[in-house]
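> Okay, here's the prediction I keep looking at, along with the sequence it came from:
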Amino acid sequence: MVPTHMFLTRGVGVHKEKLASFEQALRSAGVAYCNLVSVSSILPPNCKIVPRKRGEKLLNPGEITFCVMARSETNERNRLVSASIGLAIPTDRRTYGYLSEHHAHGETDEETGEYTEDLAAQMLATTLGVEFDPNIAWKEREQVFKMGGKIVRTLNITQSAIGKPNKWTTVVALAVFIPEENLPKRSRR
């Protein structure tokens with residue numbers, strides 16, 4: 001099974017119980033009705049990224065749904081938590097790309113998002129033979145990656161929240177793969 005479509009989503013949940021805050025975060029992300037299975041970080045060749053609303057309509061309650069998930073939680077008041085998924089998409093879509101996940105405390109959306117983009121781009125760059133200096137800032141490396149012509153695009157989806165008093169706060173970010181059998185026949189491959 002190689003997914004041909006996926007969507008990005010994120011959510012936040014707050015509740016006195018840790019598990020219930022996670023459930024609320026999944027509801028906020030629009031995927032709580034699925035049985036989620038976390039997988040590692042490969043963006044399949046030719047995988048199309050569809051809008052969240054379209055992707056949600058292509059899932060069925062209770063089905064096994066593969067995803068790359070970042071999750072972070074806290075029960076500390078005023079503690080900043082964030083979760084992010086980064087993508088690095090190769091110019092040649094017949095080859096695979098990378099997804100990265102990062103779960104953080106004390107990082108802003110921008111910091112967490114840039115980190116996941118950078119991580120995904122580095123993983124893809126090493127498989128494509130793109131040389132780069134890991135010690136220079138992400139913005140400079142991003143230009144090196146894109147100018148090399150082998151990485152066409154990077155992006156991220158990030159969710160952060162600040163912990164509430166006497167409650168659990170959970171944030172999630174996900175890349176959700178859509179089972180091929182759920183796609184309309186004209187969209188397959």
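Arrived safely. Residues are numbered from 1 along each chain as shown.

> Other residues contacting the helix or strand containing L19?
Assigned by DSSP states H and E, L19 falls within helix 18-29. Helix 18-29 is contacted by residues 9-15, 32, 36, 71, 73, 75, 167-172, 174 when judged by Cβ atoms under 8 Å, 6 or more residues apart in numbering. No exception for glycine: its C-beta is placed from N, CA and C like everyone else's.

> please redo it, this time with the cut-off set to 6 Å
9-15, 32, 168, 170, 172 (Cβ atoms under 6 Å, 6 or more residues apart in numbering).

> repeat for stretch 61-68
By Cβ under 6 Å, 6+ apart, stretch 61-68 touches 33-37, 39, 85, 99, 101, 174-177.

> at 7 Å instead, please
With contacts defined as Cβ atoms under 7 Å, 6 or more residues apart in numbering, stretch 61-68 is touched by 31, 33-39, 41, 59, 85, 99, 101, 174-177, 179.

> So which of the residues you listed sit within strands?
Applying DSSP state E to the contacts of stretch 61-68, the entries found in strands are 35-38, 85, 99, 101, 174-177.

> and which of the residues you listed is nearest K53?
Looking at those and their distance to K53, the nearest is V176, at 12.4 Å (Cβ to Cβ).

> I'd like to know which helix or strand in this protein has the lowest mean pLDDT.
Sorted by mean pLDDT, DSSP states H and E, the helices and strands of the chain end with helix 138-147, the least confident at a mean of 66.

> Next secondary structure after it?
Counting by DSSP H and E, what follows helix 138-147 is strand 151-162.

> got the angle for that following strand vs helix 18-29?
Angle between the axes of strand 151-162 and helix 18-29 is 130 degrees (criterion: axes from the mean of the first three to the mean of the last three Cα atoms, to 10 degrees).

> in this structure, what spans have low per-residue confidence?
Applying pLDDT under 70 to the chain picks out residues 137-138, 141-148, 151, 187-189.

> Let's verify the residue of it positioned farthest from its centre: helix, strand, or coil?
If you look at how far each residue of the chain sits from its centre, by Cα atoms, centre = their mean, the farthest one is N166, at 28.5 Å. At N166, secondary structure determined by DSSP: H, G, I helix; E, B strand; the rest coil is coil.

> Off-centre distance for the helix holding L19?
16 Å (Cα atoms, centre = their mean, to the nearest Å).

> in that helix, what's buried?
21-22, 24-26, 28-29 (16 or more other Cβ atoms under 10 Å).

> what about the residue nearest to V39 when sequence neighbours are not counted, neighbour count?
Excluding its sequence neighbours, the residue lying closest to V39 (Cβ to Cβ, 6 or more residues apart in numbering) is F66, at 5.1 Å. Neighbour count for F66, taken as other Cβ atoms under 10 Å: 17.
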